[in-house]
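Asks: One predicted model, sequence on top.
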There are 2 protein chains.
Amino acid sequence: MSKEMFLQQLRQKGYKVTSQRQVILDFIAQNKGEHLSPDEIYERIKKTNPEIGLATVYRTLALLCKMKFIHKLDFDDGCSRYELNRHEGDHRHHHLICTICGSVTEVEEDLLDSLEEQVMRKNGFIVKDHRVKLYGYCKECRKKQ
Amino acid sequence: MSKEMFLQQLRQKGYKVTSQRQVILDFIAQNKGEHLSPDEIYERIKKTNPEIGLATVYRTLALLCKMKFIHKLDFDDGCSRYELNRHEGDHRHHHLICTICGSVTEVEEDLLDSLEEQVMRKNGFIVKDHRVKLYGYCKECRKKQ
DNA sequence: GATTATAATAGATAATATTATCATTTGCAA
DNA sequence: TTGCAAATGATAATATTATCTATTATAATC
């Protein structure tokens, strides 16, 4: 999704396009691939835009989440982290969290279709999104065991 | 797992069996089925055991998690919640979270075997546990749409 | 295009949930 | 008993959210 498309979506839903939102949006887009925390984003943005407050960073991140532009992640390291949503609207990868070294690896896709179908059939629950975390030992730590 | 077995496991791993830990353990075992938050546990335990501090509740919950006696949950309602681990050592159900009414339903099992096997093969990652959250519309809310 | 009304947003900061710190207490082995 | 590492309670620190007043984007009007 391009920046312009996103700004249009904001206006369309009645949200305002503020300079702060654009700055934060640009920053996240420029740092895709990193799992940034609110405080990291705040500290690094503050250097060029010292007028932006921490609360606004939190609020904008929450808004970007609601708009499905980013995802909130939780790796149990004491703060939340966010990543760009690369595949429009849909969540398309899982996280492998090593319980030894704490590393986080992403794996593409999925294989959840049969699970979601079963939940639909047995529980009447319509699945719109999912979050999957796999805990275990990464390749490196496995060797050292 | 019985209480005695659990206390033995504590001693075996070098942890001490304190009265506070026993009180919290008993309370959780007596309220299985509820998804209790640390503050709820603290407030309700305080009535009969006013000497127990909030920090101890948090610490004991973290310990019980590490011992795989309970699970930490996150339903995005502003606090963490815990539930008894019914199937020893292994995580055996997923959560369906309705994004309309906020209800949380549990579904037994799994169908993750093929996913975990694939992760093992492609990433060399040994999966020891997983956490799956499915977001969507529950049966009731679906009707009202 | 400039002006104005207004609801949304921003910044500052108080409140809340959780974790870290530290001095004191306690379970447990010698 | 006694010694000591581990645990506790109190509370400071941190991450996040809620609150409240001032500011601002935007649509309507001139």
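Replies: Looks like it came in fine. Residues are numbered from 1 along each chain as shown, chains lettered A, B, ... in the order given.

Asks: Every contact and neighbour count from this point should use C-alpha atoms.
Replies: Will do.

Asks: what distance separates the helix or strand harbouring residue A:115 from the centre of its chain?
Replies: Element membership for residue A:115 (DSSP states H and E) is helix A:113-123. Its chain's C-alpha centre and that of helix A:113-123 lie 25 Å apart, by C-alpha atoms, centre = their mean, to the nearest Å.

Asks: Please apply the same query to stretch A:6-22.
Replies: Using C-alpha atoms, centre = their mean, the offset of stretch A:6-22 from its chain centre is 19 Å.

Asks: quick revisit: pLDDT of the helix holding residue A:115, averaged?
Replies: Across helix A:113-123, pLDDT averages out at 75.

Asks: so residue A:129 bridges to which residues?
Replies: Beta-bridge partners for residue A:129, by DSSP bridges, are residue B:135.

Asks: just checking, what packs against the helix holding residue A:115?
Replies: strand A:126-137 (3 or more C-alpha pairs under 8 Å, 6 or more residues apart in numbering or on different chains; DSSP states H and E).

Asks: what comes up buried for the strand it packs on?
Replies: A:126, A:127, A:129, A:130, A:132, A:133, A:134, A:135, A:136, A:137 (16 or more other C-alpha atoms under 10 Å in any protein chain shown).

Asks: From residue A:81, how far out is the most centrally placed residue in chain A?
Replies: With distances taken as C-alpha atoms, centre = their mean, the residue of chain A nearest its centroid is residue A:71 (2.1 Å). Distance check for residue A:71 against residue A:81: by C-alpha to C-alpha, to the nearest Å, it reads 8 Å.

Asks: do residue A:28 as well
Replies: From residue A:28 to residue A:81 the distance is 12 Å (C-alpha to C-alpha).

Asks: Residue A:68 too?
Replies: According to C-alpha to C-alpha, residue A:68 stands 15 Å off from residue A:81.

Asks: between those two, which one's more packed in?
Replies: residue A:81 (21 against 17; other C-alpha atoms under 10 Å in any protein chain shown).

Asks: now the more buried one, nearest residue through space, not along the chain?
Replies: Computed as C-alpha to C-alpha, 6 or more residues apart in numbering or on different chains, the closest residue to residue A:81 that is not its neighbour in sequence is residue A:37, at 4.4 Å.

Asks: so where do the helices sit in chain A?
Replies: Secondary structure of chain A (DSSP state H): helices at A:3-12, A:19-30, A:38-46, A:54-66, A:113-123, A:139-144.

Asks: what domains does the record give for chain A?
Replies: Following automatic domain parsing, chain A resolves into domains at A:1-90, A:91-145.
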